[in-house]
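Peer 1: coordinates for the following, if possible.
(chains A and B)
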Amino acid sequence: MSQLKLPVLLIAMAVLALPLSVGAVSSTSYQVIPEQGFLAPSSNGSSSGAGLSSGSYRLQGAVEPFSGSQTSTSFAQQGGGGSSFYCGDGFIDPGETCDGAALNSGTCASQGFDAGTLSCSSACIYVTSACTNAGGGGGGGGGGAPAASGAPTAPVVHADIKTLSFTYVPSFLLYGSNSTTTTAVKVNGSSTDVTYPDSSSWKKTVALSYGLNSFKILASNATGNSAETAYEIYRRLVGDLTQDNSVNDYDLSKLVKLWGGKDRGGDFNEDKIVNDYDFSMMVARWGVKV
Amino acid sequence: MKQYIFGLIVLASTWFPLIAFAAGPATMGFSQNTVTAVAGETFDLTVTVSPNGEELDTVRAVVGFDPEIVSVQSVSLSGAFNRNTPGNFFDNEEGKISWGGFTLDGGVKAAGSFAKITFLAQKDGVRAIVISSESRLISDGQEKIDTVNLGSVDVTVKAESASDPGLSVLTLNSSSHPNDVDWFQNRKVDVDWTELKGDSEIASYYYAFDESSNTNPKTVLAASKKSISFPEVKDGVSYFHLKGVQKNGKSTKIIHRRFNIDDTDPNGFELSLNADQLIEGESLWLTFATTDEMSGVLQYQVAINSSEFQIQTSPLELTDLKEGTYFLRAAALDRAGNTVFQGKSVRVYKAGSDIARPENFSPNSEIDAITKPDLLPSKSSPRSKNLLITFVLVVLAGFGIIYAIKSKKNK
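Peer 2: I've put the predicted structure just below:
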């Protein structure tokens, strides 16, 4: 019996470890077949196209990985509308902070307030009159007030973005508060494009690459002392709810569970509801693997 | 005692491969085990799903068949999973169907039908139609399928027998739906028929109008009746079935006519742009896609400003936009011509304009992810990891067995 102890031990180890391999069918277990439409239609299309240009209908899949380039001239479109860009046209043109409902990701929080509704003036600059602070005073919240000669309080990333953990957007507004003794805030070693809505808040729009993006936000004071805060956010591929870097049935299953709700995980177009429009964005990326 | 332990070891080892690839208890099968059909006729198969305690929300049936014996006419969802997933297709050359559905009405716990497949029997022979282990039964992103217990159907196709020359021959026509291949928005079906007389007059007709491809009609019609209409037929594939019974008591061959009706728009869709502000010389990328439950999306069309719509595919790149504001419209059309639209604006600035982008911003990063799939550090596939673990365990068990055998021999 003693000679059998080793093999029994080996088998026992194998059996105990078996749960690791059970459930081997994972979201990447299957080859995703891109949309190919129906492969056996003889239909040339029929019926009305609701006023669309006719053109012979040709069978095409819903998604093709790469369809090549088109030039705009092939559309024989009208001109682009000249250069009649103006404040109030809904686009944030160079020199404008905002335009109408387009707030460029700005919120009261990004302007150093605790709550309220940020709006845009007819001069295309932010209006913060409807923004409020919890303490009732004006101006930004945030950092403490350490002695100017010591190290400043580390800058604080605002709570609204602190816990986000992920986003789908390529451009992200990073913002928070700092102590009033802070003279400069650097994001990843650079103060370029860092702006200060008031003496106790800072913000910077940063570009995100896919995957984990790490930032070090450093506040320094007049004496040259500094303190640092780290912030990380993951940029996901739109549609990839299972985070396996592909878009397939398993992601759809996750989306189904979020349908009708506001969960950011399924709200790809960030309109505060998970619905057909988010599903559409998933369909457009169906079969994509990164 | 030693022999018992040795037996247990061998038993455990043999179970490894089976256990390692079973992901859950849910099963997929067919509503029947055998089918007999005559060449030239259609028959329906229903794919069924048994959650077996799971709460399923997304299903994909991958079915294999011999395309020399049978071919697929149509596939449609038939149960609680009432929305089509992307990526659905059938291929009558390879002999493969991949059809998915999902539900937004809560997880499905009860066993039921999933999809109806209509096959055309092509030529005589006996083959199996099988559900592949590529099929999926998913709950909240987790695979629940038991790939060991997947269904199959034995199909026997018999050669068409010679018809009785004394029988009348019926022919169906439809003024409302001129053919049985295209999809139509018209929900009112008009059908009429003519008769090539046999050696005995028709005493009465029998008809049926339903969703089965091979119903034996039971509703009687007078022999003088040569047409019939059905108002408000619901979306989907419907069939009209007709036979005549002659005065000599003989029945004509049953004829079946398919009607494809889709009066519902495709699902709404999002027209995504890689940026809403660009500099001259930068590409504008449009991404768009949607699904349609009945006839499927046939094509997309895109227009810029007041141009005519043109057929395009996603993603679409526009390379030479000059300074200005552009209004882009995209339309998704299903095979019956039902259409949904979406529009977005983009502004293009002169080269050299400062449009306040963050450092290292690339307007094409989203498109790059779609077209150049190498942006993220590659993760080793979970399946590869699982296979590796399984392999190691099997090797481990194998060494144990060999060691035990050697030990036994040495004694």
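Peer 1: the strands in chain A, which residues?
Peer 2: A:69-70, A:115-116, A:119-120, A:126-127, A:131-132, A:156-157, A:166-167, A:171-177, A:182-187, A:195-198, A:201-207, A:211-221, A:226-235 (DSSP state E).
Peer 1: by mean pLDDT, show me the worst of those strands.
Peer 2: When the strands of chain A are compared by mean pLDDT, strand A:69-70 comes last with a mean of 50.
Peer 1: circling back to that earlier point, and the strands of chain A as TSV, adding distance to chain B and mean neighbour count?
Peer 2: Where you see a C-beta, it was placed from the backbone N, CA and C, and this is true even at glycine. Shown next, in TSV, are the strands of chain A (distance: least, C-beta to the nearest C-beta, whole Å; neighbours: other C-beta atoms under 10 Å in any protein chain shown):
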stretch	distance to chain B	mean neighbour count
strand A:69-70	4	16
strand A:115-116	24	14
strand A:119-120	15	20
strand A:126-127	14	18
strand A:131-132	22	19
strand A:156-157	16	22
strand A:166-167	12	15
strand A:171-177	6	23
strand A:182-187	9	20
strand A:195-198	11	17
strand A:201-207	4	23
strand A:211-221	5	18
strand A:226-235	9	16
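Peer 1: residue B:219: which of these is closest?
Peer 2: Among the strands of chain A, the nearest to residue B:219 by C-beta to C-beta is strand A:69-70 (54.6 Å).
Peer 1: any idea which residue of the stretch 251-400 of chain B lies closest to chain A?
Peer 2: Using C-beta to the nearest C-beta, the single residue of the stretch 251-400 of chain B nearest to chain A is residue B:324, 1.6 Å away.
Peer 1: what's around that residue, how many residues?
Peer 2: Counted with other C-beta atoms under 10 Å in any protein chain shown, the neighbours of residue B:324 add up to 20.
Peer 1: my read: it touches residue B:346, true?
Peer 2: No - using C-beta atoms under 8 Å, residue B:324 makes no contact with residue B:346, being 9.4 Å away.
Peer 1: what mean pLDDT does stretch B:225-241 have?
Peer 2: pLDDT averaged over stretch B:225-241 gives 96.
Peer 1: one more: stretch B:121-138?
Peer 2: Stretch B:121-138 shows a mean pLDDT of 96.
Peer 1: report the buried residues of it.
Peer 2: B:121-122, B:125, B:127, B:129-138 (16 or more other C-beta atoms under 10 Å in any protein chain shown).
Peer 1: low-confidence bits of the chain, can you list those?
Peer 2: In the absence of a named chain, this looks at chain A. For chain A, residues meeting the criterion pLDDT under 70 lie at A:1-84, A:135-150, A:290.
Peer 1: let me rephrase: I mean chain B.
Peer 2: Short version for chain B, where the test is pLDDT under 70: B:1-22, B:372-394, B:397, B:409-411.
Peer 1: how about the helices in it?
Peer 2: B:2-20, B:365-371, B:382-410 (DSSP state H).
Peer 1: pull up the gap between the residue nearest the centre of chain B and chain A, please.
Peer 2: Centroid-nearest residue in chain B, with C-alpha atoms, centre = their mean: residue B:99, separated by 2.7 Å. Using C-beta to the nearest C-beta, to the nearest Å, we find residue B:99 at a distance of 11 Å from chain A.
Peer 1: identify the bridge partners of that residue.
Peer 2: Using DSSP bridges, the beta-bridge partners of residue B:99 come out as residue B:61.
Peer 1: surely it touches residue B:91?
Peer 2: No - Residue B:99 lies out of contact with residue B:91 (C-beta under 8 Å); the separation is 11.5 Å.
Peer 1: give the contact list for the nearest residue to residue A:241 once chain neighbours are set aside.
Peer 2: Counting by C-beta to C-beta, 6 or more residues apart in numbering or on different chains, residue A:241 lies nearest to residue A:254, which is 3.7 Å off, once chain neighbours are set aside. Each residue near residue A:254 by C-beta atoms under 8 Å, 6 or more residues apart in numbering or on different chains is listed here: A:241-242, A:265-266, B:140-141.
Peer 1: same check, this time on residue B:254
Peer 2: Residue B:254 touches B:214, B:216-217, B:241-243, counting by C-beta under 8 Å, 6+ apart.
Peer 1: same deal with residue B:300?
Peer 2: Per C-beta under 8 Å, 6+ apart, neighbours of residue B:300: A:60, A:62, B:288-289, B:311-314, B:330-333.
Peer 1: quick one on the thing from earlier: what distance do you get for the residue nearest to the centre of chain B to residue B:357?
Peer 2: Separation of residue B:99 from residue B:357 (C-beta to C-beta, to the nearest Å): 44 Å.
Peer 1: what number of neighbouring residues does the closest residue to residue B:258 other than its chain neighbours come out with?
Peer 2: Distances taken as C-beta to C-beta, 6+ apart put residue B:180 closest to residue B:258, at 4.1 Å, once the chain neighbours are dropped. Other residues lying near residue B:180 total 16 when counted by other C-beta under 10 Å.
Peer 1: chain A contacts on the stretch 51-200 of chain B?
Peer 2: B:57-58, B:60, B:71-72, B:85-93, B:98, B:100, B:102-104, B:134, B:136, B:138-143, B:145, B:147, B:181-186 (C-beta under 8 Å from any C-beta of the partner chain).
Peer 1: and those, which of them are buried?
Peer 2: Buried members of those, counted by 16+ other C-beta under 10 Å: B:57-58, B:60, B:71-72, B:85-92, B:98, B:100, B:102-104, B:134, B:136, B:138-143, B:145, B:147, B:182-186.
Peer 1: in CSV, list the contacts of residue B:254 along with neighbour count and distance to residue B:201.
Peer 2: Output for the contacts of residue B:254, formatted as CSV (neighbours: other C-beta atoms under 10 Å in any protein chain shown; distance: C-beta to C-beta, whole Å):
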residue, neighbour count, distance to residue B:201
B:214, 15, 26
B:216, 11, 22
B:217, 19, 19
B:241, 22, 21
B:242, 23, 16
B:243, 21, 15
